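> structure for this input, please:
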Amino acid sequence: MNVEPPPGQSTGKESVARDAPRIGPGSAADIGQINALIARALGAATGGGPPNFATTLGRHRRLFRRWLRFGAALMPGGVLPRSETELVILRVAHNTGCEYEWRHHERLARAIGLTAEQVRSARQGHAAPGWTQRQRLVLRAADELHHERVISESLWIELRPLLSEVEVIELCMLIGQYEMLAMTLNTLRVAPDRLPDGPPPRWARALQRLLPRRSPK
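From the prediction side, this is the model:
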């Protein structure tokens, strides 16, 4: 016999439904052998298994590979210092409330040398103490593009003496890329990965530091 809960009392099913992935991770049969290999490689680079973002987005097989190539041109293959790139991504994750993006890049940020305090301070944004001028300005850019969808004239005047034309173009594209990804992950309710406790293995940290950076042209 089904017993209805008292008025105003939840059965708990609603929260489960809200938290359950709308589109779950796919198997190798769902995403294809190429995407399955890519997913395993992405997991190995951070010391974990195939990440849920890859096995979920990989269901759209061709789009996933083309998007991944674009994303890799920004991170890790961009021209901005990797520490700034990770700070910006963490700020985007905070602004968008994307737990998946935050957890994933918290681990990457630590792997490339950001301290636990710097990672925590990314939640406070540019007003937190201890940032360099460049770090403070790129964090402000992440906030302005999130809230206003444009960098203000006052911030632009401060940014341009410190960032080259190529760097400021990349900064805008980087923020937009991770805003887009966060919206997708939040909408699909992609569950955060189960990562090992502690930092990534030493070899994974070394790999993150050795990944190629491109020189501005």
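> the one residue sitting closest to the centre of the chain and Arg61, how far apart?
Nearest residue to the geometric centre of the chain (Cα atoms, centre = their mean): Glu101, 3.8 Å. For Glu101, the distance to Arg61 equals 22 Å [Cβ to Cβ, to the nearest Å]. Glycine gets a C-beta too; all of them are placed from N, C-alpha and C.
> then Leu68?
Distance, Leu68 to Arg61, using Cβ to Cβ: 11 Å.
> quick one: the helices in the chain, in order.
Under the criterion DSSP state H, the chain contains helices at 13-19, 28-31, 33-45, 52-57, 61-74, 82-96, 99-111, 116-124, 133-147, 153-159, 165-188, 202-210.
> so which of those gets nearest Arg194?
Of all the helices of the chain, it is helix 52-57 that lies closest to Arg194, at 9.1 Å by Cβ to Cβ.
> buried ones in the closest one, by neighbour count?
The neighbour-count check on helix 52-57 (16 or more other Cβ atoms under 10 Å) flags Asn52, Phe53, Ala54, Thr55, Thr56, Leu57 as buried.
> what of stretch 19-31?
Gly24, Pro25, Gly26, Ala28, Ile31.
> who touches it?
With contact meaning Cβ atoms under 8 Å, 6 or more residues apart in numbering, stretch 19-31 is reached by 36, 39, 50, 52, 55-56, 58-59, 61, 64, 187-191.
> distance to Pro129 and pLDDT for the buried residues of stretch 19-31 - can I get that in TSV?
TSV is the format used below for the buried residues of stretch 19-31 (distance: Cβ to Cβ, whole Å; pLDDT from 0 to 100):
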residue	distance to Pro129	pLDDT
Gly24	42	98
Pro25	40	98
Gly26	44	98
Ala28	48	98
Ile31	44	99
